[in-house]
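# give me a 3D structure for the following:
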Amino acid sequence: MRKQIAAANWKMNLTSLEASQLLNELLAIPHDLKSHQEVVFAVPSIYIPLAVSILAGKPNIYIAAQNCHQKNNGAYTGEISASMYASVGVKHIVLGHSERREYFGESDALLAEKLNAVLAIDSTPIFCCGEPLAIREAATQNEFVEAQLKNGLFHLSATEIVKVVIAYEPIWAIGTGKTASSEQAQEIHAYIRKSLALKYGVAIADEISILYGGSVKASNAKELFSQPDVDGGLVGGASLIATEFAAIINALK
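Numbering: from 1, shown residues only. Okay, here's the model as predicted:
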């Protein structure tokens, strides 16, 4: 069975004390992760050592970075490389989140470089894709997302692509309270998997976890995750509330 993943994206939130309290509250809530289930915390980079310390030894729970630089080292003041993150216990790196694309102008070409950097050190990239409201209203979301995949991912070999987690995030549903219906989520997740199958074959496509991200919360997680091609969620605001995110974890199939 494909990995089923509950990934928390804290974005630029919480103080150090609040981060510590949240992680400890979550650990105090019963959960029983199966071998095919994972929890990933994409925390602000300054809190990574704290999170690694608190979660050390917890099976199937990982720390992620929210971004990285495409180079391994060099004169890039203020940036952090994938290898630096790996050296402090980071196993996953989120790439191409819509906020990075929109606010920081990250292109598909740049993200392809970042993917290469993450895979080169044997870490797991969580590659984000998704359409804005205007594209959804024009009913061209499939073509839009497919172009993101082709430009950002499809240079990878079959042995590389299976190491990637894809997160589909309808931009119109991020932080708006709007959520794609479970049918809408399944439809585009199935289309993404079909695109992967056309490029790499059905067997490879069936190995790749595709997460849904866009106002996932405790009340809708189970229905979303029950869809055959939805393999968990990339969760924003709800991941900052221990009881909410615990319920989302427990909704994994």
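# for Gly232, grab phi and psi.
Gly232 has phi and psi values of phi 120, psi -160 when expressed as degrees, to the nearest 10.
# so the nearest residue to it once chain neighbours are set aside is in which element?
In space, and not counting its chain neighbours, Gly232 is closest to Ile5: 4.0 Å by C-beta to C-beta, 6 or more residues apart in numbering. Using the backbone N, CA and C atoms, a C-beta is placed for each residue, glycine as well. Here Ile5 is covered by strand 4-9, with elements defined by DSSP states H and E.
# what lines up beside that strand in the sheet?
Strand 4-9 sits in its sheet next to strand 37-42 (parallel), strand 232-235 (parallel), going by DSSP bridges.
# adding distance to Phe144, write the ones you listed out as TSV.
Shown next, in TSV, are the strands paired with strand 4-9 (distance: least, C-beta to C-beta, whole Å):
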stretch	distance to Phe144
strand 37-42	24
strand 232-235	18
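# list the buried ones in the longest helix anywhere in the chain?
If you go by DSSP state H, the chain has its longest helix at helix 182-200. For helix 182-200, the neighbour count (16 or more other C-beta atoms under 10 Å) marks 182, 184-189, 191-193, 195-196, 199-200 as buried.
# what lies in contact with that helix?
Residues from elsewhere that reach helix 182-200 (C-beta atoms under 8 Å, 6 or more residues apart in numbering): 129, 141-142, 145-146, 149-150, 154, 158, 161, 166, 168, 170, 180, 204-206, 208, 210, 212, 220, 223-224, 226-230.
# re earlier: hmm, the residue nearest to Gly232 is touching Ser209, no?
Yes - at 5.7 Å, Ile5 and Ser209 qualify as touching, with contact defined as C-beta atoms under 8 Å.
# common neighbours of these two, please.
With C-beta under 8 Å, 6+ apart, Ile5 and Ser209 have common neighbours Val165, Asp231, Gly232.
# looking at these, which is nearest Ala120?
Set against Ala120, the nearest of the shared contacts of Ile5 and Ser209 by C-beta to C-beta is Val165 (16.8 Å).
# give me the number of residues near that closest one?
25 (other C-beta atoms under 10 Å).
# list phi and psi for it.
In terms of degrees, to the nearest 10, the main-chain angles of Val165 are phi -100, psi 130.
# residue contacts, Pro49?
Applying C-beta under 8 Å, 6+ apart, the residues near Pro49 are Val88, Gly89.
# redo that, cut-off 10 Å
Residues counted as contacts of Pro49 (C-beta atoms under 10 Å, 6 or more residues apart in numbering) are Ile63, Val88, Gly89.
# next SSE after the helix or strand of the chain with the lowest mean pLDDT?
Each helix and strand of the chain was given a mean pLDDT (mean pLDDT, DSSP states H and E); the minimum falls on helix 133-137 at a mean of 89. On the C-terminal side of helix 133-137, the nearest following helix or strand under DSSP H and E is helix 141-152.
# what angle sits between that next one and helix 182-200?
40 degrees (axes from the mean of the first three to the mean of the last three C-alpha atoms, to 10 degrees).
# returning to what we had before: any idea which of the contacts of Pro49 has the most stuff around it?
Ile63 (23 neighbours).
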